[in-house]
Structures are given as structure tokens and as C-alpha cells.
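**Q** how would this look folded up:
(one chain, ligands or ions: 1)
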Amino acid sequence: MSDRQREKWDRTYSGDGSYFGTSPSFMAQHAMSVMKNEGCEKVLELGCGQGRDTAHMSWAGFDVSAVDYSEVCCRQVSEVVEEVEAVCCDIRNGLPFPDGYFDACFSHMFFTMNFSMEELKSMVCEVYRVLRPGGLAFYSVRSKKDPHYQKGEHVFEEVWEMNGFQVRYLDEYDIRTLAQRFDLVSVLEFEEGALPKHLYAVTMRRPPR
Ligand SMILES: C[S@@+](CC[C@H](N)C(=O)[O-])C[C@H]1O[C@@H](n2cnc3c(N)ncnc32)[C@H](O)[C@@H]1O
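**A** Modelled structure (predicted):
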């Protein structure tokens, strides 16, 4: 299926081997400290990009599975982190993992891509399915307090395009709507990059049995 955003990511990653840098994001450092305290081992990363966070989680001893729909970055991740084979698939079509397999699911700036609310809800259901009862879901998204919110070209719903990238902005109401059957553990605010981007760091728990 042709997808202009996927092609844009392929081109971006082909042109720059470390587009988001090589240091772990604040989001990954936050998630790793909670996952260590909770004794998590098997971790799934959604929208891993070139693997800046995948690498650090793997080197910290987590058993990481990574997914992205860009073939270019999946190849790059597997080259950099020998222990991880990044799976190339469009997460809107579901996750190729069994029920209850992971202790935690992590994503940084993935649920903030060009997704409709219905697609987001369906992907969160998939995250719920692949987590064990009591498992944790961590995700970050651009917030409606972000300086780029409502800037550039309006695409649909709360998705806006700037420099060829389509981004969805969320507020706390959206985050509560998305939690669905999860328990919402925390919603923190943080900034990243030169703009700076304004993001929410969300932690949810699949209720224990
Ligand atoms: C903003 S980047 C973040 C990359 C990485 N998490 C990081 O922070 O370095 C979003 C990533 O999501 C991936 N992505 C977007 N839509 C996707 C989809 N439908 N299925 C799988 N991956 C997708 C893109 O290819 C891109 O690598």
C-alpha cells in the first residue's frame, strides 16, 4: 500500500543515519527506571525509528522487540543493535505477537503520528492484548500546548502537516479517552528539542487479573 508518510520516513532515515540522535530520549530514561523497579524483562517498542531508545533499552538488559513501518530504519536498527531484529509492519494492521507476551510496551512520539482517533483506539487495544495482566504501557505524544499546534497545513482531525511531516496533537481528554480498559498511572509534561516540542509522557497499566 502506498503511504506518503512512510515514504517520507524512509527518505529521511536514508539521508541521515541518526536523525533523532543517538542518546536515549527523556521518555526512555523515565520508562527504563520504572521498568527496572517493576522487574520488567520483555519490552515491545512501537515506532522505534533508528533505534536510539531500542539500543539503550537492550544494552540495559531488557529483551526488546521493536516495530516500525519504515524498512530503512528497521534495517538500521538491526545493524546497530545485534540483539534486536526490528519487525517491519504497519501497526494500524495489528501487532504480530501473541496475547500477554510482553511485560511492557514503550513508544516515544509514535501515537502522535497521522492517526485518526479510531486508529489510536484500535492500536491501544492491540497494546492491551499483547501485554500480560499487570503489564505497563508507556507512550509520549505532542500536546496541544506545543508551539506547532495548529500551524502548517490542516490534514484531518487534530493532525497538522509541517515540513512534510504529519503530526497529531493530543490533550488530557484524548489521553483519558485512549486509556479505555487500562488504569491511567500518570500523565507528565515535558519538553524536547530546540523548538522545544511540548509532550505528554503517559503511563498506563493493564489491570492485574
Ligand atoms: C517521530 S518518529 C519517532 C521515532 C523514535 N521513536 C524516536 O523517538 O527516535 C515516529 C516513527 O513512527 C513510525 N511510524 C509511523 N506510522 C507508523 C505505522 N503506521 N506503523 C509503524 N510505524 C509507524 C515512523 O516510521 C517513525 O519511525
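**Q** Identify the residues contacting the nearest residue to V130 once chain neighbours are set aside.
**A** Leaving aside its chain neighbours, V130 sits nearest to F97 (4.8 Å; criterion: CB to CB, 6 or more residues apart in numbering). For the C-beta atoms, the positions are set from N, CA and C on the backbone; glycine is no exception. Going by CB atoms under 8 Å, 6 or more residues apart in numbering, F97 touches 44, 65, 130.
**Q** how far away is the residue nearest to P207 when sequence neighbours are not counted from A201?
**A** Nearest non-adjacent residue to P207, counting by CB to CB, 6+ apart: D183, 5.7 Å away. Distance, D183 to A201, using CB to CB, to the nearest Å: 16 Å.
**Q** Same check on G47?
**A** 15 Å.
**Q** repeat for G135
**A** From G135 to A201 the distance is 17 Å (CB to CB).
**Q** So which of the two has more stuff around it?
**A** Legend: neighbour count by other CB atoms under 10 Å for G135 and A201, higher for G135 (26 against 19).
**Q** residues in contact with that one?
**A** Contacts of G135 (CB under 8 Å, 6+ apart): 40, 100, 102-105, 205-206.
**Q** residue ranges with poor pLDDT in this structure?
**A** Within the chain, the stretches with pLDDT under 70 are 1-2.
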